[in-house]
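Colleague: Just to be clear, the model below is a prediction. Sequence and coordinates:
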Amino acid sequence: MGKMKWYIKATYVILGLAFVLGMAMLPETPSLAHGPYNPDFEAFPRFGDAPLEVRFENWMYGGTLPYVKAEWDFGCDGVIETTLTGTHAEVMADVTWTYPLPGLYTVCLTMTDSTPPPLGPFVHTETKIGYITVLFEDPWVYDANEDGTVEKSEVILAVQHYFDGRITKAQAIEVAMLYFHEEWLDNVVSDSSNPPYSDGYASVILRYPNNPPNTPSTPSGQDLGYAGISYSYSTSATDPDGDQVKYTFDWGDGSSSETGLVDSGTIASESHTWSSTWSQEIYYIKAKATDSEGASSGWSDSRPVTMPMLCYPNADFEALPREGKAPLEILFENWTTGGLQPFVKAEWDFDGDGEAETTLTGTHEEVMADVTWTYNLPGVYTVCLTMTDSTPEPAGPLVGSFEKIAYITVLFDPWAYDGNQDGVIQKTEVIHAIQDYSSQNITKAQAIEVAMLYFG
């Protein structure tokens, strides 16, 4: 029994030593680094008149490793205005920020430490809501350009701040008075029945004596046009309030069109196409300007635009004689009529092959001159006359053609092949006749008739 107890005790001792030795041999478990759980800051001062310069002190504490980045968002709008990186001391440095406009501002500080991956880095943000109060003291703080002039856009900003609760209604009016230079009351109102005065504030408008644009300049562009062709005309006007303007063009034919908004004084253009007419027309076009607030100017002076009817040449001609033996000389008389502009070119195609044998250019009288043409070979010929007038581009020039089919008949005369006119038909002239027969210009019998003159 005694030996048994001793054996059991020895066993427990051995097992205990083995457990201790085993634990000692296990790898050491690293301790979990603690991130910056307690970012904090203070501001001096927290209240004051705009523009207000504030100094921010970083009171960050907690964590086990140095900090490597501090991100300051002085309006807590998601935009980081100041970022500090570097050593722990550089990241913890004080910063300053100037608030130019009145309002109640929330401030956010985001701290990042140097805990290595995969555990780090650790990041934490401290947010202080409504922490900085910037008071309204001088309406000139809205003069962003510091040029001694409050612009309309800066009045709009003051109105937005009034509806945001940053400034009072009286303070918004005080800013507006710097723009309008006159006393006015209750000009900042809420009115959902009117279009928005600025994007994002659908119920906010300013009611004030809005000045209409000045009368636009007389539309500039062509004084002569042609129906069916697009023409562009331009105008411009200035707005006393600096508002954007758009232009309405009255085209004088019962129609009008409108440009988009452009900056005051900017030239804008519109195009128009007048419908075809059966007589000459004169259209009086004019323009007016309307500003972005809906105020319109009077109509500009009118520009008359003459729109003549497009009248194509009515080509025509006569020939004297129209029939005879080859060679046959014919006089062609140009009887072309129509058109509103003088003719500048006549193209004569005496054999209907699409190629002009005679072209006349110059004055109307020179183009209308008679022409002659000699047909050396027998056949029936189609004649075509093409006339071109002086209508300017882009409508012109206008062209008219007239074709007379089988208009000229040239009869066969075998002596027409006597090219030297010496009363003797040469062998080469017989060959010429045979070639004309092959080309079907003359018949077989006519070719033999020429050959008989050669062989006797």
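Modeller: Looks like it arrived, so ask away. Note that this is a predicted model, so its numbers are computed, not measured.
Colleague: Residue 351 contacts residue 377, doesn't it?
Modeller: No - with contact defined as Cβ atoms under 8 Å, residue 351 does not reach residue 377; the gap is 9.9 Å. For glycine as for every other residue, the C-beta is placed from the backbone atoms N, C-alpha and C.
Colleague: More neighbours: which of the two?
Modeller: residue 377 (19 against 16; other Cβ atoms under 10 Å).
Colleague: so how far does stretch 416-431 reach from one end to the other?
Modeller: Terminal residues of stretch 416-431 lie 14 Å apart, using Cα to Cα, to the nearest Å.
Colleague: what's the answer for stretch 297-306, then?
Modeller: Start and end residues of stretch 297-306 are separated by 26 Å (Cα to Cα).
Colleague: and if you look at stretch 46-60?
Modeller: 19 Å.
Colleague: from the middle of its chain, how far away would it be?
Modeller: 47 Å (Cα atoms, centre = their mean, to the nearest Å).
Colleague: Can you tell me the closest non-neighbouring residue to the residue nearest to the spatial centre of the chain?
Modeller: Centroid-nearest residue in the chain: residue 260, 11.8 Å away (criterion: Cα atoms, centre = their mean). With Cβ to Cβ, 6 or more residues apart in numbering as the measure, residue 246 is the residue that lies nearest to residue 260, at 6.1 Å, once sequence neighbours are left out.
Colleague: helix/strand/coil for that neighbour?
Modeller: Each residue gets one of three states, and residue 246 gets strand by DSSP: H, G, I helix; E, B strand; the rest coil.
Colleague: Might one say that it is in contact with residue 266?
Modeller: No - contact criterion Cβ under 8 Å: residue 246 and residue 266 do not qualify, at 10.5 Å.
Colleague: what number of residues lie near the residue nearest to residue 260?
Modeller: 18.
Colleague: Which strand residues bridge it?
Modeller: residue 290 (DSSP bridges).
Colleague: Now for it: which residues touch it?
Modeller: By Cβ atoms under 8 Å, 6 or more residues apart in numbering, the contact set of residue 246 is 258-262, 268, 289-290.
Colleague: ditto for residue 73
Modeller: Contact analysis of residue 73 by Cβ under 8 Å, 6+ apart lists 79-81, 107-110.
Colleague: and the residue nearest to the centre of the chain, how far is that from residue 268?
Modeller: Noted for residue 260: a distance of 8 Å to residue 268, by Cβ to Cβ, to the nearest Å.
Colleague: before we move on, back to that, can I get the contacts of residue 246 in a markdown table with distance to residue 329, secondary structure and pLDDT?
Modeller: Shown next, in a markdown table, are these (distance: Cβ to Cβ, whole Å; DSSP: H, G, I helix; E, B strand; the rest coil; pLDDT from 0 to 100):
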| residue | distance to residue 329 | secondary structure | pLDDT |
| --- | --- | --- | --- |
| 258 | 66 | strand | 96 |
| 259 | 65 | coil | 96 |
| 260 | 68 | coil | 95 |
| 261 | 73 | coil | 95 |
| 262 | 69 | strand | 95 |
| 268 | 65 | strand | 96 |
| 289 | 70 | strand | 97 |
| 290 | 73 | strand | 94 |
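Colleague: Would you map the helices across the stretch 101-250 of the chain?
Modeller: Along the stretch 101-250 of the chain, the segments classed as helices by DSSP state H, counting those that start in this stretch run 152-164, 169-180.
Colleague: so residue 313 sits right up against residue 335, yeah?
Modeller: No - Residue 313 lies out of contact with residue 335 (Cβ under 8 Å); the separation is 11.4 Å.
Colleague: The two: which has the busier surroundings?
Modeller: Neighbour totals were compared for residue 313 and residue 335, and residue 313 leads with 24 against 13 (other Cβ under 10 Å).
Colleague: so which strand or helix has the closest residue to the more buried one other than its chain neighbours?
Modeller: Among residues not flanking residue 313 along the chain, residue 400 sits closest, at 3.5 Å (Cβ to Cβ, 6+ apart). Applying DSSP states H and E as the criterion places residue 400 in strand 399-411.
Colleague: that older thread, in PyMOL, how would I select the buried members of the contacts of residue 73?
Modeller: With 16 or more other Cβ atoms under 10 Å as the criterion, this PyMOL line picks the buried residues out of those:
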select buried, resi 107+108+109+110
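Colleague: for the contacts of residue 73, which one is nearest residue 253?
Modeller: Nearest to residue 253 among these, counting by Cβ to Cβ, is residue 79 at 54.5 Å.
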